[in-house]
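>>> Provided below for reference: sequence and predicted model.
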Amino acid sequence: MSPFFVMSLLYGLTFGQTASLCAPSEYIIHVEKRECAFCLAINTTICAGFCMTRDSNGKKLLLKSALSQNVCTYKEMMYQTVLIPGCPRHTVPYYSYPVAVSCKCGKCNTDYSDCVHEKVRTNYCTKPQKLCNM
């Protein structure tokens, strides 16, 4: 092997994670409550993108905790709260949601992330829609 190829391979293995394309991305969340008259479309940011992962050939020899794949997840986030319009007085009209400030590649934390492979289509409105720009 040429020295250039070996150096390129070592560089890629060492710094490959920093070249991942994991970053905050614009996203629209649709929020509605049964008691309220409107659905709210909220412009926010989520973490999305590609993270370098390595699949081990020795899966039977390793602990399950060593087999987790890296995902694009929150490094820093903040919560915003909005008022859902058209709610009756006896209903709490507020909804809080996370906003990605910065992202990282790491293990998926089910405390604040959805870590499933298949996405269920639930991000839509069944009521008249109001747009909320935050």
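Now that the structure is in, tell me what you want to look at. Numbers count the residues shown, from 1 in each chain.
>>> Show me the helices in this protein, by range?
Assigned by DSSP state H, the helices in the chain fall at 3-15.
>>> mind showing which ranges of it have poor pLDDT?
1-20, 54-68, 112-124, 130-134 (pLDDT under 70).
>>> what about the strands in it?
In the chain, the strands defined using DSSP state E lie at 21-32, 39-50, 71-83, 94-106, 129-133.
>>> how about the ones you listed in JSON lines, adding mean neighbour count?
All C-beta atoms are positioned from the backbone trio N, CA, C, and that covers glycine. Listed next are the strands of the chain as JSON lines, based on neighbours: other CB atoms under 10 Å:
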{"stretch": "strand 21-32", "mean neighbour count": "16"}
{"stretch": "strand 39-50", "mean neighbour count": "18"}
{"stretch": "strand 71-83", "mean neighbour count": "15"}
{"stretch": "strand 94-106", "mean neighbour count": "16"}
{"stretch": "strand 129-133", "mean neighbour count": "13"}
